[in-house]
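In: after the sequence you'll find the predicted model.
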Amino acid sequence: MKVFQLFIVFLFVLFVNNLYSQSANVVQEVQTQSKKLKKAVSSKNESAQADSYFNIGETFFNDGNFSKSEEYYTRAKNIYEKLNDKSNIEKVSRKLAQSQEKQNKITPAISNYSRAAEVSSKSKSVNSNDAARLSSTSPEIKAEAIQNNIEISQKDNNSGDLAAGYSQMADVNIQEKNIPKAEENLKNAYKISKKEAPQQALEINQKLTNFYVENKKFDKAIEAKKKVLKEDFVKDNSQENVNQIQELADIYIKKNDPDEAINLLKNAYGIALQKGHTLEAQKSVKRLDSLYAISQNIDASMQLYRDFLGKLPDLVSKDKSLVDQKILEDTEERISQLEKERALKDELIRKKNVFNYSLIGVLIILTCLVIFIFRTLKKVQIKNKKIALQSLRREMNPHFIFNSLNSVNHFIATNNELEANQYLTKFSKLMRGVMENSTEDFIPFQQELDLLQNYLALEKTRFADKFDYEITFDEDLNVQSLKVPGMLVQPFLENAIWHGLRYRTTKGFLKLSFEKDNQHLKIRIEDNGIGIKESKKQKTVHQKNREGRGMKNTLERIQLLNDLYKKDITCLINDKENNNGVKVTIKINLTNIK
């Protein structure tokens, strides 16, 4: 029966040892921060997320659960680093370093103190001193760094860091075996911390009592522990009260006073049963059983276990810490789930952004490619049109030469050598001007005017009895700077002479005028020849079958000039009333023509 009872108790001990007791305040604060964290994740407020993680870390740190505080400080630090929030990086790095130092994780603690010093503007010296304190093995260097921080804490009225500084100095004193100074510094640390940091005060008190016990000063250790039992933050916390009584009992055990230890443990056991602290009751039972085993008081041990097992159901039902623990575990699970959801959302957003940027990149490349192809095609089209325009312009030369040679041939055929020589002289001068201007799409207006005057003079030489001519131009036209398409008017003059005026029975008249009409240059070619309709009637079958290449060439040139230079050139050819000649009107946009 005893073996069975011990087995049940052993299983229970395993169960409760897997729990860590949390105060209701811790659970409540973690739940509050969990709600804030959920809202921050939903609104994608990363700064608020980091703040919630930091506050949860603070809650665990102040409760003495340094491994949990390290976990949440780390989460907060990662986000602050991402946001490059230097003030918060300094704050969380220092707290993270303190949590790691409490767990004796010296290397990462040094790294975080250094990081805090790196980004700090106000607390650079404090963090640098802490990093130096942990990095050095020399008691002198440690003491110097600690003393610097004590002075800074006194100046800033920072009681938490001041108490920690005195406690750290006591460690150096112990290393140097300066017992009085170590005792003095621990007492100073306890005195400062008990006012505002009860958890820190309890840690320092435990360090002080351990110091006394190690130096065999049991009475001082007992005095220090009894002193802390009188503090309000212990008396008002039944769970902590039980823990401190158990620690006092441990001192009596080390002092070799088991009877007083048993009385204290029974007291602690009774308070734990009354207040519903299962873990603390189990610890008291375990320690009492050890003492009974030493004194071989088996009956007392069995009675204790029977009492504990009998009261266990009622004890568990009153133990709120078990419920709080479950709530805390559920809350932390929700926080972990929020973290996973946030990571998943971030990954989805990242993949979406990668897809969007890739799509935008492809569209940009395609757009650039289309623009490049369009521009290339446009350049090719322009080049082809310029080639075609050049070809048409050069085609005018042999056409003009052919007609002129016909005139020379006429003079020779009529044995008019003098006229032929004069004609060839004028013709060579005209051809020189035509050839000089045949490489450009636009030539100065004065040059075009000179060419047309030379041409009409030549034709007048051949058809002296057929027509007279007149050239007029508006005085507003700047004949020197204005540029016009070369050889554009000549084919119309040629048509007027060869297909209109030369068929008259009497002498005709050809008028060429240039005038400015708003933003246009208006060119008029008027003759009083036989007109278009009558000219067509008098053509031979052979002439009708041949296409007038000169006029077609000119119209094609006008179209190409409009396409290439946007000059809005128009050409109207009409018979005058009663078939009394032909009127040609050409208009050229003067905008941007210089």
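Out: Structure received.
In: for the stretch 301-450 of the chain, which segments are assigned as helices?
Out: 320-413, 417-436, 445-462 (DSSP state H, counting those that start in this stretch).
In: ok, longest strand in the protein?
Out: Selection of the longest strand in the chain by residue count, based on DSSP state E, yields strand 508-517.
In: ok, and what's touching it?
Out: Defining contact as Cβ atoms under 8 Å, 6 or more residues apart in numbering, one finds that strand 508-517 is touched by 445, 449, 452, 456, 466-474, 476-477, 489, 493, 496-497, 500-501, 521-529, 581, 587, 590. Backbone N, C-alpha and C define where each C-beta goes, glycine included.
In: and stretch 576-590, which residues are buried?
Out: Gly581, Val582, Lys583, Val584, Ile586, Lys587, Ile588, Asn589, Leu590 (16 or more other Cβ atoms under 10 Å).
In: span of it from start to end?
Out: 27 Å (Cα to Cα, to the nearest Å).
In: who's in contact with that stretch?
Out: 482, 484-485, 488-489, 492, 495-496, 500, 508, 516-517, 519-534, 566-575.
In: so which residue is dead centre in the chain?
Out: Asn353 (10.5 Å; Cα atoms, centre = their mean).
In: and the gap between the closest residue to Glu440 other than its chain neighbours and Leu512?
Out: In space, and not counting its chain neighbours, Glu440 is closest to Gly486: 6.7 Å by Cβ to Cβ, 6 or more residues apart in numbering. Here Gly486 is placed at a distance of 16 Å from Leu512 (Cβ to Cβ, to the nearest Å).
In: which of the helices or strands spans the closest residue to Glu332 other than its chain neighbours?
Out: In space, Glu332 comes closest to Val30 once its chain neighbours are excluded; the distance is 7.3 Å by Cβ to Cβ, 6+ apart. Per DSSP states H and E: Val30 is located in helix 24-42.
In: flag every buried residue along the next helix or strand after that helix.
Out: Sequence-wise, the next helix or strand downstream of helix 24-42 (DSSP H and E) is helix 46-62. Within helix 46-62, the residues that qualify as buried are 46, 48-62, counting by 16+ other Cβ under 10 Å.
In: which among those gets closest to Leu83?
Out: Glu46 (6.1 Å; Cβ to Cβ).
In: would you list the phi and psi of Gln519?
Out: phi -100, psi 20 (degrees, to the nearest 10).
In: if we can go back for a sec, run the angle between the helix holding Val30 and helix 46-62 for me.
Out: 170 degrees (axes from the mean of the first three to the mean of the last three Cα atoms, to 10 degrees).
In: let me see the mean pLDDT of stretch 228-244.
Out: For stretch 228-244, the mean pLDDT works out to 89.
In: who touches that stretch?
Out: Here stretch 228-244 has contacts from 21, 23, 194, 198, 201-202, 205, 225, 245, 248, 268, 271-272, 275, 277, 280, 284, 321, using Cβ under 8 Å, 6+ apart.
In: buried residues in the helix holding Val30, which are they?
Out: Val26, Val27, Glu29, Val30, Gln33, Ser34, Lys36, Leu37, Lys38, Ala40, Val41.
In: for the stretch 301-450 of the chain, what are the low-confidence residue spans?
Out: 318-329, 378-404, 407-408, 415, 433, 436-439 (pLDDT under 70).
In: if we go to 90?
Out: Residues of the stretch 301-450 of the chain that meet the criterion pLDDT under 90 lie in 301-359, 361, 363, 366-450.
In: kindly report the same for the stretch 451-594 of the chain.
Out: Using pLDDT under 90, the stretch 451-594 of the chain drops low at 451-466, 473-506, 516-521, 529-569, 574-581, 588-594.
In: can you map out the strands along it?
Out: Using DSSP state E, counting those that start in this stretch, the strands assigned to the stretch 451-594 of the chain run over residues 467-473, 483-485, 508-517, 520-527, 570-575, 582-589.
In: from the middle of its chain, how far away would the longest one be?
Out: Relative to the chain's own centre, strand 508-517 is displaced by 69 Å; criterion: Cα atoms, centre = their mean, to the nearest Å.
In: show me what counts as buried in that strand.
Out: Gly508, Leu510, Lys511, Leu512, Phe514, Lys516.
In: and the last one, how far from Gln453?
Out: Between Lys516 and Gln453 the distance, using Cβ to Cβ, works out to 20 Å.
In: and for the third one?
Out: Separation of Lys511 from Gln453 (Cβ to Cβ) stands at 14 Å.
In: try the first one
Out: From Gly508 over to Gln453 the distance is 18 Å, taken as Cβ to Cβ.
In: in JSON lines: the buried residues of helix 24-42, plus pLDDT.
Out: What follows is the buried residues of helix 24-42, written out as JSON lines (pLDDT from 0 to 100):
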{"residue": "Val26", "pLDDT": "78"}
{"residue": "Val27", "pLDDT": "77"}
{"residue": "Glu29", "pLDDT": "81"}
{"residue": "Val30", "pLDDT": "80"}
{"residue": "Gln33", "pLDDT": "82"}
{"residue": "Ser34", "pLDDT": "80"}
{"residue": "Lys36", "pLDDT": "84"}
{"residue": "Leu37", "pLDDT": "79"}
{"residue": "Lys38", "pLDDT": "80"}
{"residue": "Ala40", "pLDDT": "81"}
{"residue": "Val41", "pLDDT": "78"}
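In: any idea which of the buried residues of strand 508-517 is closest to Asn215?
Out: Lys516 (118.4 Å).
In: just the buried ones from the contacts of strand 508-517?
Out: By 16+ other Cβ under 10 Å, those give 445, 449, 452, 456, 466-467, 469, 473, 477, 489, 493, 496-497, 500-501, 521-523, 525-529, 581, 587, 590 as buried.
In: coming back round to it: so who does the residue nearest to Glu332 touch?
Out: Here Val30 is in contact with Ile56, Thr59, Leu328, Thr331, Glu332 (criterion: Cβ under 8 Å, 6+ apart).
In: could you dump those residues into TSV and include distance to Gln103?
Out: Shown next, in TSV, are the contacts of Val30 (distance: Cβ to Cβ, whole Å):
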residue	distance to Gln103
Ile56	17
Thr59	17
Leu328	20
Thr331	23
Glu332	19
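In: out of the residues you listed, who's nearest Lys216?
Out: Using Cβ to Cβ, those come closest to Lys216 at Thr59, 38.7 Å.
In: spatially nearest residue to the closest one (excluding sequence neighbours)?
Out: Nearest to Thr59 is Glu29, by Cβ to Cβ, 6+ apart, at 4.5 Å.
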